[in-house]
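>>> with the sequence up front, the predicted model follows.
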Amino acid sequence: MDETPHTLSSARTLWELADRRARLTPDRPVLLQGGRTLTFGELREGAERVAAGLYGMGVRPGTVVAWQLPTRIETALLSFALARLGAVQSPVIPFYRDREVGFALRESKAEFFAVPGVWRGHDHTEMAHRLGAKGVFEAYDTLPDGDPSVLPPPPAEGTSVRWIYWTSGTTSDPKGVLHTDRSLIAGGSCLAHALRLSADDVGSMAFPYAHIAGPDYTVMLLLYGFPAVMFEHFALPDALAEYRRHGVTVAGGSTAFYSMFLAEQRRRPGEKVIPSLRLLAGGGAPKPPELYHAVVREMGVQLTHGYGMTEVPMITMGDPGDTPENLATTEGRPPEGMEIRITDGEVRLRGEAVCQGYLDPAQTAAAFDADGFLRTGDLGRLTPSGHLVLTGRLKDVIIRKGENISAKEIEDLLAAHPAIADAAVIGLPDADRGELVCAVIEQPPGTPAPTLPDIVSFLRTRGLAVHKLPERLEVLEALPRNDTLRKVLKYRLRERFSKPSPQTARASSSRSAWPA
């Protein structure tokens, strides 16, 4: 049978997928970083040698190995080596520190822990030992090495739990999300097939490889046989040289990345910031419709946005051939095999890409309904064409005098204001109303700060109902974000602004910097 992206997606395990791709196109590049190139053949051969080295250290099928490593070629080799062995991997975002790392090590019962040594000024090795981690070894420039002839056969099935990913843990401890090779292949296949990519494309990884997007994106490379540029540390405009050097055609990551690329384009009117770029794609955070239109209009590229989470790496994805209306206002459609049910306004999911649950059985029991659908906590609706529209979060609904208000609706409107770079709308406790509506905005450099009356007037002209209008405005130099897909951390905003200060009483506005 001839191998195609669709037949490759039937691979039982990630290792089988990597092996089949290496046999098809061994000399084609898969990962690019600086002046380095790794081919599909070298990925397979290198990962087998690393697997043999790990085997010599005592790693066996089922051994839990945690790793906290930056986005590097070595990280991919180590991860595929563990996949070759059939070990259980627990990736940890490299920006996490004692609290999150210690929790992940304890809960996963990791028997080995790979760290980068001193990275970006932080001594990960010292932290690992301080936390009492077992089997600590450094895996930055050098990796374990051995003779592949000693290896046992690769895993034959992909339905066992071999991945423990961690939710961000905003107001409580993170959750350990249990994935299989097949659930990750299913999620990556959804992304790959929806974007209509080809072997001539060049992608980019500007996000942590330890994020659930790491295997999601890598599956796409293996299915379609094209490379991606890896960024150990992503910052604009510094990264633009690498995008241009390698002729990147597909970039993105999340809404914050779209905004960063658009800001660079606006600094260079009349000059395409990445001449080869034709598509921005991503997910992980809400996308205001105005941002879609601005990217298409000003950057001259298409933008497709999707919907995913740690528990389900890809749920829906926009299609580059879809209508501008659907691309601007929806999260796309689900792939074959992903069932979406709307129950009391909540989006619920069932399909192969859905995780097996959590490390904590009680969390698993609470997360799935009687029919086996995962409760996402997201609010949404399906259009007659099958597109998913997200309208907010169950926990992100503001209840003002008994009326439910969607924060996302207000945020989407504020995104069109010329003096607002980004906005987060939150509900704050109020004795009279229950909650009041507070808009927290990030201001573009060099623009005058809008006032609360300015914001209210702007929203009125956009037709927003009177009871949804913000009663408080806070202006920040930068909204607090996480270190993965740059999501805004609303819980930190609620913590900061829940107690009115003399400068921030009801129906007021203030300006301040986010504390370091």
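Sure, I can see it. Since the model is a prediction, treat every value here as computed from it, not as a measurement.

>>> quickly list the domain ranges of this protein.
Domain segmentation of the chain under automatic domain parsing yields 16-26+40-181, 401-512.

>>> quick check: mean pLDDT across the last one?
When pLDDT is averaged along domain 401-512, the result is 82.

>>> that domain: how far from the chain's middle?
24 Å (Cα atoms, centre = their mean, to the nearest Å).

>>> need the contact list for residue 119.
Each residue near residue 119 by Cβ atoms under 8 Å, 6 or more residues apart in numbering is listed here: 70, 94, 140. No exception for glycine: its C-beta is placed from N, CA and C like everyone else's.

>>> ditto for residue 37
Contacts of residue 37 (Cβ under 8 Å, 6+ apart): 29, 31, 227.

>>> my read: the last one touches residue 32, true?
Yes - using Cβ atoms under 8 Å as the test, residue 227 is close enough to residue 32 to be in contact (5.4 Å).

>>> any residues in contact with both of these two?
The overlap between the contact sets of residue 227 and residue 32 (Cβ under 8 Å, 6+ apart) consists of 202, 246.

>>> ok, and what's touching the longest helix belonging to the chain?
Using DSSP state H, we find that the single longest helix of the chain is helix 40-57. The contact list for helix 40-57 (Cβ under 8 Å, 6+ apart) reads 18-19, 21-22, 24-31, 38, 65, 76-78, 80-85, 87, 112, 135, 137, 143-152, 222, 225.

>>> surely residue 327 is in contact with residue 292?
Yes - Residue 327 lies in contact with residue 292 (Cβ under 8 Å); the separation is 6.0 Å.

>>> okay, and the common contacts of these two?
The contact sets of residue 327 and residue 292 overlap at 303, 305 (Cβ under 8 Å, 6+ apart).

>>> ok, then the element right after the longest helix of the chain?
strand 64-67 (DSSP states H and E).

>>> quick revisit: give the buried residues for the longest helix of the chain.
Neighbour-count burial for helix 40-57 flags 40-44, 46-55 (criterion: 16 or more other Cβ atoms under 10 Å).

>>> what of stretch 322-336?
The neighbour-count check on stretch 322-336 (16+ other Cβ under 10 Å) flags 322, 326, 327, 328, 329, 330, 331, 332, 333, 334, 335 as buried.

>>> swap in stretch 392-407?
Of all the residues in stretch 392-407, those buried under the rule 16+ other Cβ under 10 Å are 392, 393, 396, 397, 398, 400, 405, 406, 407.

>>> could you dump those to JSON lines with distance to residue 414 and secondary structure?
As requested, these are exported to JSON lines (distance: Cβ to Cβ, whole Å; DSSP: H, G, I helix; E, B strand; the rest coil):
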{"residue": "392", "distance to residue 414": "14", "secondary structure": "strand"}
{"residue": "393", "distance to residue 414": "17", "secondary structure": "strand"}
{"residue": "396", "distance to residue 414": "15", "secondary structure": "helix"}
{"residue": "397", "distance to residue 414": "17", "secondary structure": "strand"}
{"residue": "398", "distance to residue 414": "14", "secondary structure": "strand"}
{"residue": "400", "distance to residue 414": "17", "secondary structure": "strand"}
{"residue": "405", "distance to residue 414": "14", "secondary structure": "strand"}
{"residue": "406", "distance to residue 414": "13", "secondary structure": "strand"}
{"residue": "407", "distance to residue 414": "10", "secondary structure": "helix"}
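
>>> closest to residue 460 out of these?
Of all the buried residues of stretch 392-407, residue 460 sits closest to residue 405, with 15.4 Å by Cβ to Cβ.

>>> mind listing what that closest one touches?
397, 398, 399, 427, 437, 467, 468.

>>> so what's the first one bridging to?
When bridges are taken as DSSP bridges, the partners of residue 397 come out as residue 406.

>>> how close does it sit to residue 470?
Plainly put, residue 397 is 15 Å away from residue 470 if you go by Cβ to Cβ, to the nearest Å.

>>> ok, back up a step: of all the contacts of residue 119, the one with the weakest confidence?
Comparing the contacts of residue 119 by pLDDT, residue 94 comes last, at 93.

>>> in three-state terms, label it for me.
Under DSSP: H, G, I helix; E, B strand; the rest coil, residue 94 falls in the coil class.

>>> which SSE is residue 215 in?
Per DSSP H and E, residue 215 falls inside helix 213-224.

>>> about what we covered before: could you dump the longest helix of the chain to CSV, C-alpha only?
Only the C-alpha atoms of helix 40-57 are listed here, as CSV (Å, rounded to 0.1, in the frame of the first residue of the first chain):
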residue,chain,number,x,y,z
PHE,A,40,13.8,12.0,9.3
GLY,A,41,16.3,9.2,9.0
GLU,A,42,18.6,10.8,11.5
LEU,A,43,15.7,11.2,13.9
ARG,A,44,15.0,7.5,13.8
GLU,A,45,18.7,6.5,14.0
GLY,A,46,19.6,9.0,16.7
ALA,A,47,16.6,8.2,18.8
GLU,A,48,17.5,4.5,18.8
ARG,A,49,21.0,5.2,20.0
VAL,A,50,19.6,7.5,22.8
ALA,A,51,17.1,4.7,23.6
ALA,A,52,20.0,2.3,24.0
GLY,A,53,21.8,4.7,26.3
LEU,A,54,18.6,5.1,28.4
TYR,A,55,18.2,1.3,28.5
GLY,A,56,21.7,1.0,29.8
MET,A,57,20.7,3.5,32.6
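
>>> what about residue 32, which SS state?
strand.

>>> tell me the contacts of it?
Going by Cβ under 8 Å, 6+ apart, residue 32 touches 38, 202, 227, 228, 229, 230, 246.

>>> for the fourth one, grab phi and psi.
For residue 228, the backbone dihedrals (degrees, to the nearest 10) come out as phi -140, psi 150.

>>> then the third one?
As for residue 227, its main-chain torsions (degrees, to the nearest 10) stand at phi -90, psi 170.

>>> top of the contacts of residue 37 by number of neighbours, please.
The residue in the contacts of residue 37 with the most neighbours, by other Cβ atoms under 10 Å, is residue 31 (24 neighbours).

>>> which element is the nearest residue to that residue once chain neighbours are set aside on?
Excluding the flanking residues, the one nearest residue 31 by Cβ to Cβ, 6 or more residues apart in numbering is residue 38, at 4.3 Å. Residue 38 belongs to strand 36-39 when assigned by DSSP H and E.

>>> pLDDT on that strand, on average?
Strand 36-39 comes out at a mean pLDDT of 98.

>>> buried set for it?
So, applying 16+ other Cβ under 10 Å, buried residues of strand 36-39: 38, 39.
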